[in-house]
Each structure stands twice: as structure tokens, then as C-alpha cells.
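Asks: Here is a sequence together with a model predicted from it:
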Amino acid sequence: ENCLSALGTLVLFEGAPFGHLPEVGDRPALLATFVRSLPLHEDEAEAQVCHDAFCAMVDAGAVDPSACADEIVRLAGDALASEADGEELLTPAGRAGFVRMLRALVGGAGGAAA
């Protein structure tokens, strides 16, 4: 999980110091791997950083939520359910971000967005 957080911090997240370098390689593949590897559980502080950053990437348009809708539903469900078990994987901003994404996905699928 720390390696995944380092990948995000160095390459994927907003302001990442190496994200613009061509040597980084296939950024979409790295992003897909990052998303598939979420949610983080072992280190709550790292989990919160990564989950908040993922929400920020969606909000900034760096991640198309409709292209990874299944992953968002899986990730949000897992992270929110983990809170019921006493894990603090989300900050209030992260929780709000996932709720926003889920509402947008439901609204985009013809449901009523609240």
C-alpha cells in the first residue's frame, strides 16, 4: 500500500513531480492499476491520502467516472462498509467525494440524483 501511495504521490496526483515526464510510461495503465488497487486498508493515514486524491482526480476531470463506474461502486462500497467496522479510511472530504460520485453515476444512469 505504501508503494501505491508513492506511485500516486510521485506520478498520478495533482502536482506530482514526475507525472509530466515521458519516462513515466503508460500513465493510463498506471492510473487503472492504482484505481483497481483501492481501497487501501492497512495504513489509515495513507488510505485517506489516496482516497482523497482519487476523489480530487475525478473532480478535476483526470479520471472519467463513467469509464470506471464499476470500480467506483466497488471502492465506495468497500470503504464505506469498512467505516462501519471501525476503520477510518475516508476523511469527511473523501466521504463526500464518493457520495458525489455515486449520486452522479445514479443520475447518469437515469436515476434521481439527490
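Replies: Cool, the structure landed. Residues are numbered from 1 along each chain as shown.

Asks: Could you check which helix or strand contains Arg36?
Replies: In this structure, Arg36 is located in helix 27-37 according to DSSP states H and E.

Asks: helices or strands up against that helix?
Replies: Helix 27-37 makes packing contacts with helix 2-7, helix 44-59, helix 69-84 when contacts are defined by 3 or more CB pairs under 8 Å, 6 or more residues apart in numbering; DSSP states H and E. Just so you know, the C-beta spots here come from the backbone N, C-alpha and C atoms, and that holds for glycine as well.

Asks: ok, 7 Å please
Replies: In terms of contacts (3 or more CB pairs under 7 Å, 6 or more residues apart in numbering; DSSP states H and E), helix 27-37 is packed against helix 2-7.

Asks: Can you point out the buried residues in the helix it packs on?
Replies: Leu4, Ser5, Leu7 (16 or more other CB atoms under 10 Å).
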